[in-house]
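Q: Okay, predicted coordinates and the sequence, questions at the end:
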Amino acid sequence: MRSYVRSVVDIDSADISDDTLNRFLGEGYDVIVYSEKRWPFYEVATTFSTSSSTKDYSLATVGASVTTGLREIAALRTDDHVLGFIGRDDADGSYPLDVNTTGQPWYWSFWADSVRLHPIPDATYTVNVRGYKKPTAFGAGSSDATEPSDLPEPFHMQIATYGVARAYEQQEDPQMAGQYFAIFNQELDNLRARYDDMPAPQPIVLNSRGGFHGARTVLADRLRYSWE
């Protein structure tokens, strides 16, 4: 990537050091991975175990088996049911702090990077977790042989393009820097549209009144029109 940046900008290591270029490339990596909370290539599944009479579990505990740690939780479930997500205010209303209701958890809330289970577990339960892991650090401090962790190949050129823009900026050429920043943002939008596309198994519902998770009304067998 450094060689590519220098060849485009027509500079050498005397103009911009390896360390500075590594920082530029690391910035580009961070812009990409943190521009979208739910990149599909960061999806992970893991489990954690509850403890009797313990209601709060830190995000670090929930994602302890994930190498880089969990960034966000998408869903929790036990072996026999999905735990419903409720806001902390609703949870405090239904499960007051001065009432220690125990049992098998059916709901969860999230606050200050901590999961609270409702009711308080009365035994050890295995909770299955689906979520998104934290990206591995890339850029300054990474060895030359290290590739961007879990970032698909098309994104690698995006990092280099960002590096070119920052190099032009450092060389006090704002016009070329602006052009390459525009290229970077345009291509990132294209890649986001590609990777955030709806999964093929998920049916597309046109003219829907909104998403609905739960039982659906099954219409009687009849001719289905294209707009339904």
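A: Here it is on my side, so go on. Keep in mind that this is a model prediction, so the values were computed, not measured.
Q: for the helix or strand bottoming out on mean pLDDT in the chain, packing partners?
A: Within the chain, no helix or strand scores below helix 88-94, which has a mean of 88 by mean pLDDT, DSSP states H and E. Applying 3 or more C-beta pairs under 8 Å, 6 or more residues apart in numbering; DSSP states H and E, we find helix 88-94 packed against strand 107-111, strand 114-118. Yep, even glycine has a C-beta here, placed from its N, CA and C like the rest.
Q: Can you say which of those is packed in most?
A: Comparing the helices and strands packed on helix 88-94 by mean neighbour count (mean count of other C-beta atoms under 10 Å), strand 114-118 ranks first with a mean of 21.
Q: List the neighbouring strands of the helix or strand following that one plus their orientation.
A: With elements assigned by DSSP states H and E, the helix or strand that comes after strand 114-118 is strand 120-121. Strand 120-121 pairs in its sheet with strand 102-103 (parallel), by DSSP bridges.
Q: what's the partner strand in contact with?
A: 53, 119-122 (C-beta atoms under 8 Å, 6 or more residues apart in numbering).
Q: Among these, which one is most surrounded by other residues?
A: Sorting the contacts of strand 102-103 by how many neighbours each has (other C-beta atoms under 10 Å) puts Pro121 first, at 22 neighbours.
Q: Name the residues linked to that one by a beta bridge.
A: Beta-bridge partners, per DSSP bridges, of Pro121: Gly103.
Q: contacting residues around it?
A: Applying C-beta under 8 Å, 6+ apart, one finds that Pro121 lies in contact with 50-55, 102-105.
Q: cool, Ser58 as well?
A: Here Ser58 is in contact with 113-115 (criterion: C-beta under 8 Å, 6+ apart).
Q: Can you show me the strands along the protein?
A: Applying DSSP state E to the chain gives strands spanning 43-49, 56-58, 70-77, 84-85, 102-103, 107-111, 114-118, 120-121, 126-133.
Q: Show me what the first one pairs with in its sheet, parallel or antiparallel.
A: Strand 43-49 has the following strand partners under DSSP bridges: strand 126-133 (antiparallel).
Q: chain center to the partner strand, what's the gap?
A: On the basis of C-alpha atoms, centre = their mean, to the nearest Å, strand 126-133 sits 13 Å off its chain's mean C-alpha point.
Q: Direction-wise, compare it with strand 114-118 and give the angle.
A: Counting by axes from the mean of the first three to the mean of the last three C-alpha atoms, to 10 degrees, strand 126-133 lies at 150 degrees to strand 114-118.
Q: looking only at pLDDT, what's the mean for strand 126-133?
A: Mean per-residue pLDDT for strand 126-133: 97.
Q: what mean pLDDT does stretch 41-55 have?
A: 96.
Q: mind listing what's buried in it?
A: Neighbour-count burial for stretch 41-55, counted by 16 or more other C-beta atoms under 10 Å, picks out 42, 44, 46, 48, 50, 55.
Q: could you point out the longest helix in the chain?
A: helix 174-195 (DSSP state H).
Q: what comes into contact with that one?
A: Against helix 174-195 from outside (C-beta under 8 Å, 6+ apart): 28, 31-32, 35-36, 39-41, 152, 154-155, 157-158, 161-162, 164-166, 168-169.
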